[in-house]
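> Coordinates only, no sequence provided:
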């Protein structure tokens, strides 16, 4: 399975505020990225999926990846 780098941007509702986010993931496809994002935001912030709005999921070329060195080695 080849890994690709993705950048996800959007916002989530936290209390009365709307918080923007930009996250990067090294996963195989966009569906896995979406599921991982929901899992992370739910785990760290207690945000249900219905309060998360994903604006954009983009695949990154290798020169634009800002992942940790360990994850960067996984990206083809």
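That came in fine, so what should we check first? Computed from a prediction, not measured in an experiment: that's the story for all the values here.

> can you pull out the helices in this protein?
With DSSP state H as the criterion, the chain has helices at 30-45, 69-72.

> Which one, of these, ends up nearest to residue 61?
helix 69-72 (12.5 Å; C-beta to C-beta). All C-beta atoms are positioned from the backbone trio N, CA, C, and that covers glycine.

> What pLDDT is listed against the residue of the chain positioned farthest from its centre?
The outermost residue of the chain relative to its centre, with distances by C-alpha atoms, centre = their mean, is residue 16 at 22.8 Å. On pLDDT, residue 16 comes in at 95.

> ok, back up a step: and residue 8, which of the helices of the chain is closest to it?
With C-beta to C-beta as the criterion, residue 8 lies closest to helix 30-45 of the helices of the chain, at 5.4 Å.

> buried set for the closest one?
30, 33-34, 36-38, 41 (16 or more other C-beta atoms under 10 Å).

> outside of that helix, which residues touch it?
6, 8, 12, 14, 21, 23, 25, 27, 47-49, 52, 54, 57 (C-beta atoms under 8 Å, 6 or more residues apart in numbering).
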